[in-house]
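J.: The following comprises the amino acid sequence and a computationally predicted model.
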Amino acid sequence: MTIAPERTADLYPTRGTSEVITPRKDPVVWSQPGTAGPFRPSELSDFERDGFFAIGELLTAEEVAVYRTELDRLVGDPAMRANPRSIVEPKSQSIRSVFEVHKISEVFARLVSDPRVVGRARQILGSDVYVHQSRINVKPGFGASGFYWHSDFETWHAEDGLPNMRTVSVSIALTENFDTNGGLMIMPGSHRHFVGCEGETPKDNYKRSLQMQDAGIPSDQVLTDMADEHGIRLFTGRAGSATWFDCNAMHGSGDNITPYPRSNVFIVFNSVENAAVDPFAAPVPRPDYIGAREFTPVR
């Protein structure tokens, strides 16, 4: 296992005695203009401005069917339910998420190394990349709970030790995303400021936060101010569509009370030049299957 580098300066303080807003100190797009890759220059410019970019069809219908079958296999496996990588829905007691799917599934490992996927990550981050986190999210109909407003980087910085905002996520829809079944919402442009949240990190916070997040949540006033300034974008699309978004974009999703499930595969790429150090606001790092401590580039 690769040893994490020594702790670096904390550019984004959080989990203190008060809420602190820090202007972003890092680029959004790290590659040089003209760098070859799947994104066109105009698309990278849109990503830099908004903090996200949506793609109507990243995967074909045939490919979606393969990944859906694999998702159903993992969620239906009793051994997987007992695995600590699985997070169980508090109300229904059904599986909500399965982490580190690129290591436990050859099918999802192939998706991670697909040039349409990893190529875009390299293009945004301007370097080789490794997988900081991967998971499948299952939001079945009739009551699956959502994810409250948050910046992923706040948690990855505080609890995993990522020093800089050089991380990008992709959410790939494996079911249709309607405007009613708990889809992803992002505040465009919110990635330009970091919200350092109030309050210490509870012990073993990850055990609760992956079901219902408490620590690392901005105040109602800050969320209101950000929504007033940036607005809120709700993402819909067919199965196979994808949304790339910056690690510091303020985002969340609502409950799914419709009959229609919403499932996706979620992959987080981090630059190999931004490897995790000791956590900045937690006593120990989260488990490796949630925040990787091994930094081998995706090939």
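T.: Looks like it arrived, so ask away.
J.: As a check, name the ranges of all helices in the protein.
T.: 41-50, 61-76, 78-82, 101-104, 106-112, 115-125, 152-155, 205-209, 220-230 (DSSP state H).
J.: Need the winner for burial among those helices.
T.: The highest mean neighbour count among the helices of the chain, using mean count of other C-beta atoms under 10 Å, belongs to helix 152-155: a mean of 25. C-betas here are computed from N, CA, C, even on glycine.
J.: And the contacts of that helix?
T.: Contact with helix 152-155 is made by 12, 14, 162, 165, 167, 169, 194-197, 209, 216, 247-249, 251, 268, as judged by C-beta atoms under 8 Å, 6 or more residues apart in numbering.
J.: What is the burial count for S127?
T.: Neighbours of S127 under the rule other C-beta atoms under 10 Å: 16.
J.: Can you say which of the helices of the chain is nearest to T243?
T.: helix 41-50 (10.6 Å; C-beta to C-beta).
J.: helices or strands up against the closest one?
T.: strand 52-55, helix 115-125 (3 or more C-beta pairs under 8 Å, 6 or more residues apart in numbering; DSSP states H and E).
J.: ok, the residue nearest the centre of the chain - contacts?
T.: Closest residue to the average C-alpha location of the chain: S169 at 4.9 Å, with C-alpha atoms, centre = their mean. The contact partners of S169, by C-beta under 8 Å, 6+ apart, come to 152, 244-245, 247, 266-269.
J.: now with 6 Å?
T.: Contacts for S169 were tallied using C-beta atoms under 6 Å, 6 or more residues apart in numbering; they are 245, 268.
J.: next one: F235
T.: Contacts for F235 (C-beta under 6 Å, 6+ apart) come out as 54, 183-184, 243.
J.: re earlier: what about the contacts of helix 152-155, which are in strands?
T.: Applying DSSP state E to the contacts of helix 152-155, the entries found in strands are 167, 169, 194-196, 251, 268.
J.: May I see those residues arranged in CSV, with distance to P279 as well?
T.: Shown next, in CSV, are the ones in strands among the contacts of helix 152-155 (distance: C-beta to C-beta, whole Å):
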residue, distance to P279
T167, 15
S169, 19
F194, 16
V195, 18
G196, 14
H251, 22
V268, 16
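J.: Looking at those, which is nearest E63?
T.: S169 (19.6 Å).
J.: Quick check: bridge partners of that closest one?
T.: F245, V268 (DSSP bridges).
J.: how much space is there between it and A249?
T.: Noted for S169: a distance of 9 Å to A249, by C-beta to C-beta, to the nearest Å.
J.: okay, T8: pLDDT?
T.: The per-residue pLDDT reported for T8 equals 75.
J.: quick one: contacts for the closest residue to T167 other than its chain neighbours?
T.: Leaving out its chain neighbours, the residue that sits closest to T167 by C-beta to C-beta, 6 or more residues apart in numbering is C247, at 4.0 Å. By C-beta under 6 Å, 6+ apart, C247 lies in contact with 152-153, 165, 167.
J.: Give me the phi and psi for C247.
T.: The phi and psi torsions at C247 (degrees, to the nearest 10) take the values phi -60, psi -20.
J.: Only the buried residues of stretch 28-37, if you could.
T.: 28-31, 37 (16 or more other C-beta atoms under 10 Å).
J.: ignore the last one, stretch 278-295
T.: Buried residues in stretch 278-295, counting neighbours by 16+ other C-beta under 10 Å, are found at 279-282, 285-287, 289-293, 295.
J.: Let's have those residues in TSV, adding distance to D220.
T.: Output for the buried residues of stretch 278-295, formatted as TSV (distance: C-beta to C-beta, whole Å):
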residue	distance to D220
P279	26
F280	25
A281	21
A282	24
P285	30
R286	27
P287	31
Y289	33
I290	27
G291	28
A292	33
R293	35
F295	37
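J.: just to revisit the earlier point, going by distance to Q123, which of the contacts of C247 wins?
T.: Nearest member of those to Q123, counting by C-beta to C-beta, is T167, at 14.1 Å.
J.: Pull the number of nearby residues for that closest one.
T.: 26.
J.: from the contacts of C247, which is closest to D179?
T.: Nearest to D179, judged by C-beta to C-beta, of the contacts of C247 is D152 at 23.0 Å.
J.: Where does pLDDT dip in the chain?
T.: 1-7, 92, 207-213 (pLDDT under 70).
J.: what about the closest residue to G141 other than its chain neighbours, distance to R116?
T.: Leaving aside its sequence neighbours, G141 sits nearest to P259 (C-beta to C-beta, 6+ apart; 4.4 Å). P259 sits 31 Å away from R116, going by C-beta to C-beta.
J.: cool, F99 as well?
T.: 23 Å.
J.: could you dump stretch 99-114 to CSV, C-alpha only?
T.: C-alpha atoms of stretch 99-114 as CSV (Å, rounded to 0.1, in the frame of the first residue of the first chain):
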residue,chain,number,x,y,z
PHE,A,99,-18.7,1.3,-2.1
GLU,A,100,-15.5,0.4,-3.9
VAL,A,101,-17.4,-1.3,-6.7
HIS,A,102,-14.4,-0.9,-9.1
LYS,A,103,-12.5,-3.3,-6.8
ILE,A,104,-15.2,-5.9,-6.1
SER,A,105,-16.7,-6.0,-9.7
GLU,A,106,-14.8,-6.5,-12.9
VAL,A,107,-17.7,-5.0,-14.8
PHE,A,108,-17.4,-1.7,-12.9
ALA,A,109,-13.6,-1.8,-13.1
ARG,A,110,-13.9,-1.7,-16.9
LEU,A,111,-16.2,1.3,-16.7
VAL,A,112,-13.6,3.2,-14.5
SER,A,113,-10.9,2.6,-17.1
ASP,A,114,-13.1,3.5,-20.1
